[in-house]
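sequence and predicted structure below; questions after.
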Amino acid sequence: MKTTKEMKHTPEPWKIYGSDELPLAIIQDDEDGMGIIEFTQNGVNPANAKRIVSCVNACQGIEDPETTIKELIEMLGEVLDVCELNMDDMEPETIEVIQKASTLHANCCTY
């Protein structure tokens, strides 16, 4: 996995500046203290600003987030399939975790 310095995008963390109701900018301060991505007061949807920053920061250090996340979701599905076949021998707490993971997996798999 490449380090942030080897990647071509602006390094994390990104931040939202302004209020939750009216984000003014999404930026990452560079060495000069300059904003990278800026929006006007009327041009930013607060939900979009939060999602952009959350996604960028969650993918910190991942060279190809789209491919990596798709592969992880697929692998998780395979692991859950095996776990669900063997739940008769598991503790109730383990079964509960597998069921929660299965629900999350089913809800996130839109690829």
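Perfect, I can see it now. Numbering: from 1, shown residues only.

helix or strand right after the lowest-mean-pLDDT helix or strand in the chain?
Every helix and strand of the chain was ranked by mean pLDDT, DSSP states H and E. The lowest is strand 37-38, at a mean of 60. The first helix or strand that comes after strand 37-38 along the chain, using DSSP states H and E, is helix 46-58.

which residues touch that next one?
12, 13, 14, 15, 16, 20, 21, 22, 23, 26, 39, 65 (CB atoms under 8 Å, 6 or more residues apart in numbering). For every residue, glycine as well, the C-beta is placed using N, CA and C.

what's the neighbour count on the third one?
The tally of other residues near residue 14 (other CB atoms under 10 Å) stands at 20.

ditto for the fourth one
Burial measure for residue 15: 14 neighbouring residues, criterion other CB under 10 Å.

and it, what are its phi and psi?
When read as degrees, to the nearest 10, the backbone of residue 15 gives phi -140, psi 160.

gap between it and residue 95?
From residue 15 over to residue 95 the distance is 40 Å, taken as CB to CB, to the nearest Å.

which helix in this structure runs the most residues?
helix 65-85 (DSSP state H).

what's the angle from that one to helix 46-58?
Using axes from the mean of the first three to the mean of the last three CA atoms, to 10 degrees, the inter-axis angle of helix 65-85 relative to helix 46-58 is 80 degrees.
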